[in-house]
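**Q** I'll drop the sequence and a predicted model, then ask my questions.
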Amino acid sequence: MKKILSLVVLLCPLLSLAQVQGIPLDKPRLIPEFVLSDKEGGTFTQSDLQDRWTLVMFGFNSCPDVCPFTMRNLEAAVAETSLRVRPDNVPDVVFVSVDPARDKDKVTDYARFFHPDFRGVTGEREQIDKLVKATDSFYRLMNPDSKGYYDVQHSAFVSVIGPDGKMRAKLEPPFHAGKTAEFLARLQISYRRELLN
Amino acid sequence: MKKFIAAAALLLSAQWSYADIIVDNAYVPQVPPGSMAYAAYLSITNSGAEARTVVGISSPVFGMTHLHHTMMKDGVSSMKSMDKLVIEPGNTVTLQPGGMHIMLMKPAEDVMAAGMVPIKLEFKDGEIIEFNVSIRTLN
Ligand SMILES: [Cu+2]
């Protein structure tokens, strides 16, 4: 019994070291046509996914904890990634608000707050839902409280979409910068190998 | 040298000590545009011999304050309200991103300009402590 206990104690730090930052998909998911837009009228469509790597996060502007935490960490992770991959393989980051009623006018500034190159978009419910479904994501607008405020439940992972327009992996919290960058760099290597075969 | 000391002091986050309670690592991240909700993070240590329970949290510069726990279920995040926070003797409870936070809503207009948020914690035994948490900008 004592032996088992000490084994468990030994294993715990090892497990946390090996913490998963991303999960490659067994079967890449092709992203169908969709149209979202930013506050200046610029569109974000499936053709923006071609020939570059894209990270897509779903959320809402008034999210106090998970969204800002994720966006801050993505900023750091992308900066790390840019040290490891060619400039044209540094991923674009797109924040998609699933709460257009409240966020339509601010979502673009919201994303830029974290990095001037980050894009913030939203759109019609049907268009948002297409991308949500295509990325195996989820959200739900909760019932408003007496003051009209409502919370939004949403997927916490970030979708990684490859230059062929297919979702290839999920990044997971806590989005450790170095480990996430390492994961992305490896994912890109295996993608290029796949292309050669 | 003076400059260096000032910079070092800025980097160290404030700590507040009371009879058996120590509050430290407290900060409020600057909110992005379009957000109605601020979050405050901190840790509370109970150095006393009895469990202590926070039963009320408020801030004079926010109309609404909640203690929240971010829950992750099947990869989906949501927030759960908590009506109290128990700190066992000798323990530290840490509110941090992805875990617990104090959610602050309906800010007074000049909250950002003031650079800090007064927070008041009320304990079950009647003790009330108040301190000013600084707003942390992104860079
Ligand atoms: Cu909250």
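**A** Nice, I can see it.
**Q** State which strand of chain B is the longest.
**A** Identified as the longest strand of chain B according to DSSP state E is strand B:62-73.
**Q** List the neighbouring strands of that one plus their orientation.
**A** Strand B:62-73 pairs in its sheet with strand B:76-82 (antiparallel), strand B:100-107 (antiparallel), by DSSP bridges.
**Q** Make TSV out of these and add mean pLDDT and mean neighbour count.
**A** Backbone N, C-alpha and C define where each C-beta goes, glycine included. What follows is the strands paired with strand B:62-73, written out as TSV (pLDDT from 0 to 100; neighbours: other C-beta atoms under 10 Å in any protein chain shown):
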stretch	mean pLDDT	mean neighbour count
strand B:76-82	91	16
strand B:100-107	96	22
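**Q** okay, the longest strand of chain B in CSV with CA atoms only?
**A** Below are the C-alpha coordinates for strand B:62-73, written out as CSV (Å, rounded to 0.1, in the frame of the first residue of the first chain):
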residue,chain,number,x,y,z
PHE,B,62,-19.6,48.6,-8.9
GLY,B,63,-23.3,48.2,-8.8
MET,B,64,-23.1,44.4,-8.7
THR,B,65,-20.7,41.9,-7.3
HIS,B,66,-20.7,38.1,-7.4
LEU,B,67,-18.4,35.4,-6.3
HIS,B,68,-18.1,33.0,-9.2
HIS,B,69,-16.6,29.7,-10.0
THR,B,70,-15.7,28.9,-13.6
MET,B,71,-16.9,25.3,-14.3
MET,B,72,-15.5,23.2,-17.1
LYS,B,73,-17.8,20.4,-18.3
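**Q** Buried residues of it, list them for me.
**A** Buried positions in strand B:62-73, judged by neighbour count with 16 or more other C-beta atoms under 10 Å in any protein chain shown: B:62, B:64, B:65, B:66, B:67, B:68, B:70.
**Q** which ones among these come in contact with the ion?
**A** Checking those against the ion by C-beta under 5 Å from the ion, the ones in range are residue B:68.
**Q** Relative to chain A, which of the buried residues of strand B:62-73 is nearest.
**A** Distance to chain A, by C-beta to the nearest C-beta, is smallest for residue B:70 among those, at 5.1 Å.
**Q** Could you find the closest non-adjacent residue to the closest one?
**A** Leaving aside its chain neighbours, residue B:70 sits nearest to residue A:65 (5.1 Å; criterion: C-beta to C-beta, 6 or more residues apart in numbering or on different chains).
**Q** ok, the one you found - how many residues close by?
**A** 24 (other C-beta atoms under 10 Å in any protein chain shown).
**Q** now do residue B:57
**A** Using other C-beta under 10 Å, residue B:57 is surrounded by 19 other residues.
**Q** Next up, the contacts around it.
**A** B:65, B:66, B:67, B:102, B:119, B:120, B:121, B:122 (C-beta atoms under 8 Å, 6 or more residues apart in numbering or on different chains).
**Q** repeat for residue A:43
**A** Counting by C-beta under 8 Å, 6+ apart, residue A:43 has contacts A:35, A:36, A:37.
**Q** So whatever residue of chain B ends up closest to chain A: helix, strand or coil?
**A** Per C-beta to the nearest C-beta, residue B:34 is where chain B lies closest to chain A, at 2.7 Å. What DSSP: H, G, I helix; E, B strand; the rest coil gives for residue B:34 is coil.
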